[in-house]
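Predicted structure and sequence below. I'll ask about it afterward.
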Amino acid sequence: MRSSTSSSDPHIRPIPAVPWRRVLVAGLLLIVLALGCWEAYWRSQDFRPSYRNSDGLWAMTRDRLDREGPGGTVVVSSSRLLFDLHLEAWREETGTLPVQLALEGTDPRPFLTHLARDTEFNGLVVVGVTPPLFFTPDIGVREGILDYYRNETPSQWASQRISMAVEPWVAFYSFDTALFTVLRRQPFWPEREGLVLFPDVRKLSNMRITRQSDMWSKVELNQAYREIARNTWLEFLNMPRDLPPPEVLKKGFEQLLEEVKGDVDAIRQRGGEVVFVRAPSTGPFREAEAGGFPRERMWDTLLEYTGAPGVHFEDHEDLQDVELPEWSHIRAGDTERWTRALIGHLRVGLAARGAPRPELKR
C-alpha cells in the first residue's frame, strides 16, 4: 500500500508530523481552563450548584406515586407552593414527604385532573391557587410536561440521571446561564416594532432533589436584582389582554367549576381528599389579583361549589407574617415556619368538618 504522504493525488492531504498526544493534552487543558473560568465567573455572580428544574426531575418525582402506592400527599400548584412549602418541615410534622409536582407559571388544574382520572390516588391533594393562573384558561408555560412524562424515551430517562450526577457540583449548569439565554438578554439587540415577548423570568431559586425550591438569596439581598424580578412581574401584569365578552367569561368559569368539582369528587370517592391553599402575595401582584379575581366571586365560589376545604392566607395572621421580596414568593428563611403554620390550619379545618386526614397526623 502506498503511503498518503508520498501520493501524488491532489485530493489526499498528507498527515502533518506533529506530536498528537501533546496536542490532545493541550486541547483538554484548554477546555478545562475555559470551563473553570466560566464556573468561576458564575460563582462570582452568587450562583451555586443546585438541581435543575427539568421535565426529567418532575417525571422522576411523579414516579414516586407509583412506587409508594395510592396514599400520601401530593402538591399540585403553580410556583407559589413550589417556593413556599418547606418539604422537610412537612415531613417532620406529618411523617411523610409530599410529592412536589408544582410547576412555575402553570395552571395546576390539568394535574389535578391527571390524579383524578389517570391514577388510583386516594391520599391528600394540596392544590395551590394563584388566581391569574388557576382561574384563567389555557395558561401554562410547562403544560406539556404530562406528555413528556407519558412518552419519556429511554435516552431521556438516561440523560436525566447522567445530568443529576453533575448538577450538585457545577454552578454554571443552569437554565439561566445557558449561552444563548445570556446572549439573548444583552442590551445590544435592536428592538423590533410590534414584537411582543413573554416576560423573561430570571433565576429566582435553587432546587433540591426533592423539588423543594428555595428562593435564591440574591433575590432577597441584592436590591438591583430584586428590582429585575419585580419589573418582570410588572411586565406580566401589564401585558395587553383581549378579554372575551362577559357571557363567555361566565360560561367559562362555570365550566371550570364543574371540571374541578368532578376531579374532587373522583378523588373523594376513592377515599382521598382535596384541599385548596391560597398562598400570600403582596404589592402590585396582590392588587391585581384582588381587582381581577375578587375573593368572594372566585375563591369563595370555588370552595362552595366543590365542597372542598381551603386555607386562605388572609384569614390567618401567621400565614401573613412572612417576607415576599418580589411580591409573589416567600423568602427561604420564612418557609419552614409558614409550612408548619399551614399544616396546623389544615388540621383544624379538616377536623372541623369531621374529616381529619391520616396524612396530617402528628
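Perfect, thanks for sending it.

pLDDT of the host helix or strand of F83, averaged?
Using DSSP states H and E, the element containing F83 is helix 79-84. Averaged over helix 79-84, pLDDT sits at 97.

Equivalent analysis for stretch 206-216, please.
97.

Could you list the residues in contact with it?
46, 48, 50-53, 57-58, 61, 79, 82-83, 85-88, 97, 100-102, 164, 203-205, 325, 329-332, 335 (Cβ atoms under 8 Å, 6 or more residues apart in numbering). (Each C-beta comes from the backbone N, C-alpha and C, glycine too.)

in that stretch, what's buried?
N206, M207, T210, R211, Q212, S213, D214, M215, W216 (16 or more other Cβ atoms under 10 Å).

The fourth one should be in a helix, yeah?
No: counting by DSSP: H, G, I helix; E, B strand; the rest coil, one finds R211 to be coil, located in no helix.

residues contacting the residue lying closest to A288 once chain neighbours are set aside?
In space, and not counting its chain neighbours, A288 is closest to L237: 5.0 Å by Cβ to Cβ, 6 or more residues apart in numbering. For L237, the contact set (Cβ under 8 Å, 6+ apart) comprises P284, F285, A288.

Need the mean per-residue confidence for the helix or strand where the second one lies.
Counting by DSSP H and E, the secondary-structure element that holds F285 is helix 283-292. Taken as a whole, helix 283-292 has a mean pLDDT of 94.

And the next helix or strand past it?
Next along from helix 283-292, by DSSP H and E: helix 299-306.

Burial check on W90, number of neighbours?
Neighbour count for W90, taken as other Cβ atoms under 10 Å: 25.

For the stretch 201-350 of the chain, which segments count as helices?
217-221, 223-237, 246-269, 283-292, 299-306, 332-352 (DSSP state H, counting those that start in this stretch).

can you list those in TSV and add distance to P137?
Formatted as TSV, those follow (distance: least, Cβ to Cβ, whole Å):
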stretch	distance to P137
helix 217-221	30
helix 223-237	17
helix 246-269	6
helix 283-292	14
helix 299-306	15
helix 332-352	28
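
Out of the ones you listed, flag the one nearest P70.
helix 246-269 (10.3 Å; Cβ to Cβ).

CA-only coordinates of the closest one in CSV, if you can.
Backbone C-alpha positions of helix 246-269 (Å, rounded to 0.1, in the frame of the first residue of the first chain) are rendered in CSV as follows:
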residue,chain,number,x,y,z
PRO,A,246,-68.8,38.8,29.9
GLU,A,247,-71.2,35.9,29.0
VAL,A,248,-68.3,33.9,27.6
LEU,A,249,-66.3,34.6,30.8
LYS,A,250,-69.2,33.5,32.9
LYS,A,251,-69.7,30.3,30.9
GLY,A,252,-66.0,29.5,31.1
PHE,A,253,-66.0,30.0,34.9
GLU,A,254,-69.0,27.7,35.3
GLN,A,255,-67.3,25.0,33.2
LEU,A,256,-64.1,25.4,35.3
LEU,A,257,-66.1,24.8,38.5
GLU,A,258,-67.8,21.8,37.0
GLU,A,259,-64.5,20.3,35.9
VAL,A,260,-62.8,20.9,39.3
LYS,A,261,-65.7,19.5,41.2
GLY,A,262,-65.6,16.4,39.0
ASP,A,263,-62.0,15.8,39.9
VAL,A,264,-62.5,16.5,43.6
ASP,A,265,-65.4,14.1,43.7
ALA,A,266,-63.5,11.4,41.9
ILE,A,267,-60.6,11.5,44.4
ARG,A,268,-63.1,11.6,47.3
GLN,A,269,-64.9,8.6,46.1
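
buried sites along that helix?
For helix 246-269, by 16+ other Cβ under 10 Å, it's F253, L256, L257, V260, K261, D263, V264, A266, I267, R268.

now stretch 163-172
Buried residues in stretch 163-172 (16+ other Cβ under 10 Å): M164, E167, V170, A171, F172.

E39 is in contact with the third one, correct?
Yes: under the criterion of Cβ atoms under 8 Å, V170 makes contact with E39 at 6.5 Å.

Would you mind checking the average pLDDT for stretch 32-40?
For stretch 32-40, the per-residue pLDDT averages 94.

what's the offset of it from the middle of its chain?
29 Å (Cα atoms, centre = their mean, to the nearest Å).

I would like the residues contacting that stretch, please.
Under Cβ under 8 Å, 6+ apart, the answer for stretch 32-40 is V170, A171, F172.
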